[in-house]
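Undergrad: This is a predicted model, with the sequence first.
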Amino acid sequence: MPRIAATADVRAPNTSAVNSSFAKQLRETLNAIPAYAWYADPSGELTFVNKWAADYGGLPGDHPLRFGLSTDATWDSHIQFLHPDDHDETRKVWSNCLKTQRPSEVNIRVKNAQGTYRWFVSRAEPLRAHDGTILYWVGINLDIEERVQAERAFRKSEQELRQILDLTPQFIAVCGPNHERIYANRVALDYLGVTLRQWFDNPPSTDGRPEIHQDDAARLLSHWEAASSMGAPFEVETRIRGGDGAYRWFLARFSPVHNDDGQKMRWYCACTDIEDRKRHEERLLQENAALRAQISQSAPDEIIGSSDSLRRLLAEIGKVARTDSTILILGETGSGKELIARAIHRRSARAARAFVGVNCAAIPTSLIASELFGHEKGAFTGATHRRVGRFEAANGGTIFLDEVGDLPSEIQIALLRVLQEREIERVGGDKPVPLDVRVLAATHRDLEKLVREGKFRQDLFYRLNVVPVMVPPLRERVADIPVLAEYFIARFGKRVGKKFEAVGMKTMETLRAYDWPGNVRELQNVIERAVTLSEPGSFSVDAAWLTRRPVAIPQDDAALDGALLAHEKSAIETALENCRGRVSGPSGAAARLGMRASTLESRIRRFGIDKYRFKSK
């Protein structure tokens, strides 16, 4: 290769013309610097290396470069000390430096005395005379081996991380604090049908449709902006367009990363494909809608009868169903309060949404808050995951709270908040959950009496009692007993494979004469029992199964033996106390007293005994 002077025409005065004392002073100065320093003549020939550089390279003590003696070498003679892979780049940079007569630097690997290489950054500066001519090129090599190795380790770990993310069966994306795109893994790029560079540039699609579905984009951006202001993670369901132009549903989870000062540095996003789940949910909704329509056509309400009292009730239902008012359904046990609630729901604008029924008396006190309002993961022992409560399950539809008079006081407060604020808080949660749900409540108890006794909140009673609906007892619907009996006979007969002729007059008179303290539920049970025990074709009811209750309760106890009544009342209260308020069943007070449960219920009402006060004892 020709000398640089011939190619760049930058030959300086011969080094012999330079004052030798200045050269000696320059060498002494460079030897005093605790770094790898050197100088070259204006043509680029390496002339001197200080003792640090000479010792590093293992130059012998009499080597000319230690004394600044010219070896009449070429402008690139220093290449011999460098790694072969760095020769071309070094010649290119050094040649350009000599041509432009400007400082330059290059990263190189320099061989040491042991024959191994270390990385250096080599910087060359021109040392000029007063007239601007270059006297020497002075350079210094800084050891950057540790930095290079650290960068290599970082790049290796980054590459390994990218490989792990590329193998992750999720869309992984990394964005900056202002939503600028930084990285997307291979799964995401393959689905989108773009390269990483194309994803960075975010070019418009060929058919003008964006990656995020236009119906979801504003909602996603709104969630992101809200989360950015709070620095909190969030998740959102959205549709993302694939390379084939089709959209699929994904659950996108965004998590921010902050530095030590609390500033957001990155947004990490993981997207999970939920297309199959969405299709399944949609199919279930369609099936439920079809099932509701079928039920509505076949048996709209299962409210059977044509008595005047029932007609008035159905007319009232037709009026209140069209509103969203809270309704309190009152009536005796077994009179069909839940059927009335379902009828109201089916006739309302919410008929296509969920109807969720809850028997408040059947849920243990310790679990009722979780059942109604749900709980967060870790809210209590055994809460291994978030659970949606009955109110959230009924969101958009109707919730029916049966036996609302049995709610404990703390749940009454929470229910009052639902009715006032239209929001709940899950057990263990700290954020309110907004709801759009219609509340129907029912009870057979005297809520006004409970309010006077301090067992039910007055404000909650007024909130529930917006539109009261009274369900008449069966004894006030005697005209409906024949048609109800025929309905139940056909229903249970079909179940057991029996057919019966028309009910005989004697049996029907027996059914009509009984006052049915258990109402329709008791009639249903009696009919089922008769169908089970009767021979096919011959339906009959044993009169012994029915215990007639006095039509009227005597108001003047003086006409009876007061001591006997007091004794009977005391015996009933003692039995209820021993059985913790339980009336029926093998361990109930009725069995203890040797009477039918319906008879005991009648006596309890007659004496005005509150059996529920014994439950807490």
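TA: Cool, the structure landed.
Undergrad: Name the nearest residue to R350, ignoring sequence neighbours.
TA: G397 (5.0 Å; Cβ to Cβ, 6 or more residues apart in numbering). (C-beta placed from N, C-alpha, C; glycine too.)
Undergrad: mind listing what that neighbour touches?
TA: G397 makes contact with H345, R350, R353, A354, F355, V356, V437, R438, according to Cβ atoms under 8 Å, 6 or more residues apart in numbering.
Undergrad: can you check A485 too?
TA: With Cβ under 8 Å, 6+ apart, A485 has these contacts: V503, M508, L511, L523, I527.
Undergrad: list the buried ones in stretch 455-466?
TA: K455, F456, R457, L460, F461, R463, L464 (16 or more other Cβ atoms under 10 Å).
Undergrad: what's the farthest-apart pair in those?
TA: K455 and R463 (16.5 Å; Cβ to Cβ).
Undergrad: quick one: average confidence on stretch 587-599?
TA: Averaged over stretch 587-599, pLDDT sits at 77.
Undergrad: tell me how far it is from the chain's mean position?
TA: 50 Å (Cα atoms, centre = their mean, to the nearest Å).
Undergrad: Going by neighbour count, which residues of that stretch are buried?
TA: G588, A589, A590, A591, R592, L593, M595, R596, A597, S598.
Undergrad: Show residues contacting it.
TA: 517-518, 522, 547, 549, 571-572, 575-576, 578-579, 582-585, 600.
Undergrad: Ok, stretch 121-131 next?
TA: In contact with stretch 121-131 (Cβ under 8 Å, 6+ apart) are residues 26, 39-40, 94, 97, 101-108, 134-142, 144.
Undergrad: Mind doing that once more with 6 Å?
TA: 97, 101, 103-108, 134-142, 144 (Cβ atoms under 6 Å, 6 or more residues apart in numbering).
Undergrad: again, but for stretch 82-96
TA: Contacts for stretch 82-96 (Cβ under 6 Å, 6+ apart): D76, I79, S104, V106, I108, R109, Y117.
Undergrad: Specify the local secondary structure of the closest residue to the fourth one other than its chain neighbours.
TA: Distances taken as Cβ to Cβ, 6+ apart put V93 closest to V106, at 4.3 Å, once the chain neighbours are dropped. Reducing the assignment to helix, strand or coil with DSSP: H, G, I helix; E, B strand; the rest coil, the entry for V93 is helix.
Undergrad: roughly how far apart are V93 and H223?
TA: 51 Å (Cβ to Cβ, to the nearest Å).
Undergrad: what do you get for S95?
TA: Distance from S95 to H223, by Cβ to Cβ: 57 Å.
Undergrad: try A349
TA: From A349 to H223 the distance is 29 Å (Cβ to Cβ).
Undergrad: Those two: which has the busier surroundings?
TA: H223 (16 against 11; other Cβ atoms under 10 Å).
Undergrad: Which of the helices or strands spans the more buried one?
TA: helix 214-230 (DSSP states H and E).
Undergrad: hey, where'd the strands end up in the stretch 151-300 of the chain?
TA: Secondary structure of the stretch 151-300 of the chain (DSSP state E, counting those that start in this stretch): strands at 171-175, 181-184, 234-241, 247-258, 264-273.
Undergrad: Same check on the stretch 1-150 of the chain?
TA: Assigned by DSSP E, counting those that start in this stretch, the stretch 1-150 of the chain shows strands spanning 36-40, 46-49, 104-111, 117-128, 134-143.
Undergrad: which of the ones you listed sits most buried?
TA: Mean neighbour counts were taken over the strands of the stretch 1-150 of the chain using mean count of other Cβ atoms under 10 Å, and the top value, a mean of 25, falls to strand 46-49.
Undergrad: Make sure I144 is actually in contact with W119.
TA: Yes. Using Cβ atoms under 6 Å, I144 is in contact with W119, at 5.1 Å.
Undergrad: Now for the nearest residue to V257 once chain neighbours are set aside, how many residues are close by?
TA: The shortest distance from V257 to any non-neighbouring residue, by Cβ to Cβ, 6+ apart, is to R266 (4.3 Å). For R266, the neighbour count with other Cβ under 10 Å is 16.
Undergrad: Also A23?
TA: There are 17 residues near A23, going by other Cβ under 10 Å.
Undergrad: wait, what's in contact with it?
TA: G68.
Undergrad: okay, it: pLDDT?
TA: So A23 comes in at 82 (pLDDT).
Undergrad: Beta-bridge partners for the most centrally placed residue in the chain, please?
TA: For the chain, the residue nearest the mean C-alpha position is E235 (7.0 Å; Cα atoms, centre = their mean). Here E235 shows beta-bridge partners R253, assigned using DSSP bridges.
Undergrad: Quick check: it touching R253?
TA: Yes. If you go by Cβ under 6 Å, E235 and R253 touch, sitting 4.5 Å apart.
Undergrad: Distance of F254 relative to M265?
TA: 14 Å.
Undergrad: neighbour count winner among these two?
TA: F254 (21 against 11).
Undergrad: And for that one, nearest residue in space, chain neighbours not counted?
TA: Per Cβ to Cβ, 6+ apart, closest to F254 is C269, 5.1 Å.
Undergrad: ok, now which ones touch that neighbour?
TA: A173, A252, F254.
Undergrad: between those residues, which is closest to N50?
TA: A173 (52.2 Å).
Undergrad: so how far is K99 from N525?
TA: Taking Cβ to Cβ, one finds N525 at 109 Å from K99.
Undergrad: Can you give me every residue that contacts I212?
TA: Contacts of I212 by Cβ under 6 Å, 6+ apart are T238.
Undergrad: ok, back up a step: distance to P126 added to the buried residues of stretch 455-466, as JSON lines?
TA: Compiled in JSON lines, the buried residues of stretch 455-466 are given as follows (distance: Cβ to Cβ, whole Å):
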{"residue": "K455", "distance to P126": "99"}
{"residue": "F456", "distance to P126": "97"}
{"residue": "R457", "distance to P126": "92"}
{"residue": "L460", "distance to P126": "91"}
{"residue": "F461", "distance to P126": "97"}
{"residue": "R463", "distance to P126": "90"}
{"residue": "L464", "distance to P126": "94"}
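Undergrad: With distance to A124 and pLDDT as extra columns, can I get those in JSON lines?
TA: Listed next are the buried residues of stretch 455-466 as JSON lines, based on distance: Cβ to Cβ, whole Å; pLDDT from 0 to 100:
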{"residue": "K455", "distance to A124": "95", "pLDDT": "89"}
{"residue": "F456", "distance to A124": "93", "pLDDT": "91"}
{"residue": "R457", "distance to A124": "89", "pLDDT": "91"}
{"residue": "L460", "distance to A124": "88", "pLDDT": "90"}
{"residue": "F461", "distance to A124": "93", "pLDDT": "90"}
{"residue": "R463", "distance to A124": "87", "pLDDT": "90"}
{"residue": "L464", "distance to A124": "90", "pLDDT": "90"}
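Undergrad: out of those residues, which are inside helices?
TA: Judged by DSSP state H, the buried residues of stretch 455-466 include L460, F461, R463, L464 as members of helices.
Undergrad: what's the domain layout of this protein?
TA: Using automatic domain parsing, the domain ranges for the chain come out as 4-143, 151-278, 299-467, 474-545, 557-614.
Undergrad: right, and those domains - which one's nearest L285?
TA: domain 299-467 (8.9 Å).
Undergrad: And the spatially closest residue to V194 that is not a sequence neighbour, how far from A188?
TA: In this structure, V194 finds its nearest non-sequential neighbour in G243, 7.3 Å apart by Cβ to Cβ, 6+ apart. Look at G243 and A188: by Cβ to Cβ, they are 11 Å apart.
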